[in-house]
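Colleague: here are the coordinates; sequence isn't available:
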């Protein structure tokens, strides 16, 4: 098959990458298949569920609906890059402690979406958490315990700073 | 003294899941792995005159094409209760989406190109989409012949009726008392019809499997809730001994009854055998929608009562749209019929429940399993009755609810919880006595509604076994066939084993589920694991403990009665040894282990209507406060209270997660979720057109009250709670909508348009006879 290759330079989880990607390649496939980080999950494949959420320059995006070349010159964070030196991010810790997941399939996307929220608004109200997190779907938890997890993480991060 | 039971210990899969390190089937890459794709029939019902994969096979990158003409099997049909689904369509395809051919290629794009090159000549056939169409006199038969593999062995009062040359594939009949006498003695008889929609499970992880042949053996990776059944099906269809089939269950991205490991496993095995490479078959979200669904259920409920509100008689007619292949729908039909009496004392009961083939997506098990549909009918009707009598709905229910120890049906397990106590708690939690006033003249109308439901929990035909191995260093490995679908079962089982061995939780590992090494388990469904597998694990741990104590006794040369296990130490009088010390002593430094085994088996009982006693009663009481916008028909849930009984919570946080998750499932089904057909094809097989519940659908006031009233058959008095929460949602909401607007809606989901249209109509459809 004829492949139009596009050069891309980007940082992924703090590491610089330079590669040639086919022009039709999606960001999710770049991350999962080319780089081999499978924490980013594919589900609805149409930008509704948010399982494939990654942070692009700090903002939550659906990697199923972006081209790989869209990351050129940008900084990408996937779930694998969130814990630093083996220490869980407060969100990761809180999701375990407060029951913020069950099957875990939506969890990487959910945690990254929450990170994007807390980066924007370190002390969100419950209403703001609901509104912001409404971008992603979870079929297991019923959402209440995700909201509690995000609130607990925000509180812990606030106390630290 | 319990150290870990009832404690929110960290879940065993927690770290992996929050770090993105948990590997699901779709994350696995095997050397040389290729990709399978499915050709699906675009027609609703069509004879296949000719199929030719020749051209597709010549496309570079295509490794093989399988059609009915070159797929060689020991038997071509899949299925449990009824073997009706050909692995690949044979003489005809039975719904738009039916599997006609599969290809294996180097990647999914090439595989999809190959699908387009497969030539198929179809001849369209007449169709039957609904139960009504399928039961009409000249309906086309979806299946000309129905091969029933194991006729159900019902007990007292229940029977199974065969219909020849009909689309009825299962007919469950049950009766007790004298239904005619019951109606005759009634002061009022109410008759209503209710419809609960067909819906998609939508686990976030789609249907997927990988199969890899090596020599005469095959290994399958599958996110199945029933890996041992998958192994059995592979054995039967491919004519292979069970010992050569190994099914491994990686992390699973949700289940809810969606049977997502079955069909793709079979297709992956067929392709891998054909092309001699590991093959991955992953369905897209749209294909998932076209693979299995919740059956649409119509329930006609006729209830006779005395003037004072006492229930006397109930006749239930239940119709399930089984789709083109039945999966578990016959069992859903039986359970929906059996559950249609509700948690009430009703002396005269008669039920007929039918599963009916149509040319729609196959239906099967779905969280709630006929229980929530039945509850929607009987709890809506309970309020219709209360309203007609001018009685408080709480009072009507209190008058009729079964007490602890009373029989739901003669022969079956007596009610094992305090239903009246739960009703009181529900009334208090939803503040039933505080009537919500809608502001005068406002288009927004507010009110509350309640519902009380039970289902026989724990499933049928259950058989589970577990092993606990104590290693030479005193750590232990637990092997259980319960599938971790998110409910936290691995953690729960670990807690039980740790408790019995008095070990700290980090000393007990839960092994990956692998049918080669994991002891047999029937299935992970029906809210059963804590009860069914829990007992097997408890016994296995106690067996291991007993062996450890007796080995220690003989090594120490003391009578076994003198050896005790306390807080992780073996104690003889004033001396004590740690696990590693005693293991060293017993096995003299060469290493060794103690292997404990335990099992649980349901046994047949002729005296029970369904042929087996229900392991326990699962409860779901719900209270909703809603706001209805009369201009748009939009229903908003302001408050929801769920009351259930876990008997004893082994992991309270996970129990809450189960109950809250089940309620949100119910809210989705009650307000939005519904599969729609247009011109014989599924019209909304994607998440843009099919609306799942979101954060914004979570009521602002939301409480799950989980009682621990004891009395469950599981370890430490536990009962299952995976589905209770879903049972009361639809009727509680519809009852609240009635109380807010005076309009009774007998069909969910309560989409704005449906409510708006109903608000415009004065018609009340209940037939009330004074007899």
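Modeller: That came in fine, so what should we check first? As the structure is a computational prediction, the values presented were derived from the model and not from experiment.
Colleague: where in chain B is pLDDT low?
Modeller: Chain B contains residues with pLDDT under 70 at B:1-2, B:149, B:589-590, B:761-766, B:770-771.
Colleague: in it, what residue is nearest chain A?
Modeller: Residue nearest to chain A within chain B: residue B:20 (2.1 Å; CB to the nearest CB). The C-beta positions use only the backbone N, C-alpha and C, and glycine is treated the same way.
Colleague: which outside residues touch the longest helix along chain A?
Modeller: Longest helix in chain A by number of residues (criterion: DSSP state H): helix A:144-160. With CB atoms under 8 Å, 6 or more residues apart in numbering or on different chains as the test, helix A:144-160 has contacts from A:89-91, A:93-95, A:97-101, A:110, A:114, A:117-118, A:122-124, A:126, A:129-130, A:133, A:138, B:653, B:656-657, B:660, B:695, B:698, B:702.
Colleague: what separates that helix from the chain centre, distance-wise?
Modeller: Taking CA atoms, centre = their mean, to the nearest Å, one finds helix A:144-160 lying 17 Å from the centre of the chain it belongs to.
Colleague: and it, which residues are buried?
Modeller: By neighbour count on 16 or more other CB atoms under 10 Å in any protein chain shown, the buried set for helix A:144-160 is A:144, A:145, A:146, A:147, A:148, A:149, A:150, A:151, A:152, A:153, A:154, A:157.
Colleague: swap in stretch B:85-95?
Modeller: B:85, B:86, B:87, B:88, B:89, B:92, B:93, B:94, B:95.
Colleague: do the same with stretch B:489-506
Modeller: Neighbour counts over stretch B:489-506 (16+ other CB under 10 Å) mark B:489-503, B:505 as buried.
Colleague: that older thread, among the buried residues of stretch B:85-95, give me the pair with the biggest separation.
Modeller: Farthest apart among the buried residues of stretch B:85-95 by CB to CB are B:87 and B:95. That separation is 15.6 Å.
Colleague: what sits closest to the residue in chain A that chain B sits nearest to if chain neighbours are left out?
Modeller: Closest approach between chain A and chain B, counting by CB to the nearest CB: residue A:39, at 2.1 Å. Nearest non-adjacent residue to residue A:39, counting by CB to CB, 6 or more residues apart in numbering or on different chains: residue B:20, 2.1 Å away.
Colleague: cool, and residue A:66?
Modeller: Per CB to CB, 6+ apart, closest to residue A:66 is residue A:27, 4.3 Å.
Colleague: neighbours around that neighbour, how many?
Modeller: The number of residues packed near residue A:27 is 25, by other CB atoms under 10 Å in any protein chain shown.
Colleague: in strands, which of the buried residues of stretch B:85-95 fall?
Modeller: Among the buried residues of stretch B:85-95, the members falling in strands (DSSP state E) are B:85, B:86, B:92, B:93.
Colleague: so how many other residues sit close to residue B:9?
Modeller: Residues lying near residue B:9 (other CB under 10 Å) number 21.
Colleague: my read: it touches residue B:653, true?
Modeller: No. With contact defined as CB atoms under 8 Å, residue B:9 does not reach residue B:653; the gap is 9.2 Å.
Colleague: how far does stretch B:425-433 sit from its chain's centre?
Modeller: Its chain's C-alpha centre lies 29 Å from the corresponding centre of stretch B:425-433 when counted by CA atoms, centre = their mean.
Colleague: what sits up against that stretch?
Modeller: Here stretch B:425-433 makes contact (CB under 8 Å, 6+ apart) with B:394, B:448, B:450, B:452, B:621-625, B:639, B:641, B:643, B:703, B:705, B:707.
Colleague: out of those residues, which sit inside strands?
Modeller: When the contacts of stretch B:425-433 are checked against strands (DSSP E), the matches are B:448, B:450, B:452, B:621-625, B:639, B:641, B:643, B:703, B:705, B:707.
Colleague: report how many residues lie close to residue B:365.
Modeller: Burial of residue B:365 is recorded as 27 neighbouring residues (other CB under 10 Å).
Colleague: can you tell me, leaving aside adjacent residues, what's nearest to it?
Modeller: Using CB to CB, 6+ apart, the closest residue to residue B:365 is residue B:257 (3.6 Å).
Colleague: what about the strands in chain A?
Modeller: Counting by DSSP E, the segments of chain A that form strands are A:5-12, A:15-22, A:53-56, A:59-62, A:75-77.
Colleague: let's have these in a markdown table, adding mean neighbour count and mean pLDDT.
Modeller: A markdown table is the format used below for the strands of chain A (neighbours: other CB atoms under 10 Å in any protein chain shown; pLDDT from 0 to 100):
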| stretch | mean neighbour count | mean pLDDT |
| --- | --- | --- |
| strand A:5-12 | 16 | 97 |
| strand A:15-22 | 13 | 96 |
| strand A:53-56 | 24 | 98 |
| strand A:59-62 | 19 | 98 |
| strand A:75-77 | 20 | 98 |
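Colleague: now distance to residue B:264 too, for the ones you listed, in JSON lines please.
Modeller: Shown next, in JSON lines, are those (distance: least, CB to CB, whole Å):
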{"stretch": "strand A:5-12", "distance to residue B:264": "31"}
{"stretch": "strand A:15-22", "distance to residue B:264": "27"}
{"stretch": "strand A:53-56", "distance to residue B:264": "26"}
{"stretch": "strand A:59-62", "distance to residue B:264": "25"}
{"stretch": "strand A:75-77", "distance to residue B:264": "31"}
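Colleague: and the longest helix seen in chain B, what does it pack against?
Modeller: For chain B, the longest helix by residue count, based on DSSP H, is helix B:529-556. The contact analysis (3 or more CB pairs under 8 Å, 6 or more residues apart in numbering or on different chains; DSSP states H and E) places helix B:529-556 against strand B:463-470, strand B:476-480, helix B:489-501, strand B:563-566, strand B:569-572, helix B:579-587, strand B:594-601.
Colleague: doesn't residue B:48 make contact with residue B:89?
Modeller: Yes. Taking contacts as CB under 8 Å, residue B:89 lies within contact range of residue B:48: 5.9 Å.
Colleague: need the overlap of contacts for the two.
Modeller: B:41, B:68, B:100.
Colleague: residues contacting the first one?
Modeller: Shown here is residue B:41, whose contacts under the criterion CB under 8 Å, 6+ apart are B:48, B:89, B:93, B:95, B:96, B:97, B:98, B:99, B:100, B:120, B:122.
Colleague: mind checking which of the contacts of helix A:144-160 are in helices?
Modeller: Members of the contacts of helix A:144-160 lying in helices (criterion: DSSP H): A:90-91, A:93-95, A:97, A:110, A:114, A:117-118, A:126, A:129-130, A:133, B:653, B:656-657, B:660.
Colleague: need the buried ones from those residues selected in ChimeraX.
Modeller: Applied in ChimeraX, the following selects the buried portion of those according to 16+ other CB under 10 Å:
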select /A:90,91,93,94,95,97,110,114,117,118,129,130,133 /B:653,656,657,660
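Colleague: where do the strands sit along the stretch 301-450 of chain B?
Modeller: Ranges of strands in the stretch 301-450 of chain B, per DSSP state E, counting those that start in this stretch, are B:311-323, B:348-357, B:444-457.
Colleague: CSV please, covering those and showing distance to residue B:554 and mean neighbour count.
Modeller: Formatted as CSV, these follow (distance: least, CB to CB, whole Å; neighbours: other CB atoms under 10 Å in any protein chain shown):
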stretch, distance to residue B:554, mean neighbour count
strand B:311-323, 59, 26
strand B:348-357, 58, 25
strand B:444-457, 43, 25
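Colleague: how about these in TSV, adding distance to residue B:273?
Modeller: Formatted as TSV, the strands of the stretch 301-450 of chain B follow (distance: least, CB to CB, whole Å):
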stretch	distance to residue B:273
strand B:311-323	28
strand B:348-357	30
strand B:444-457	39
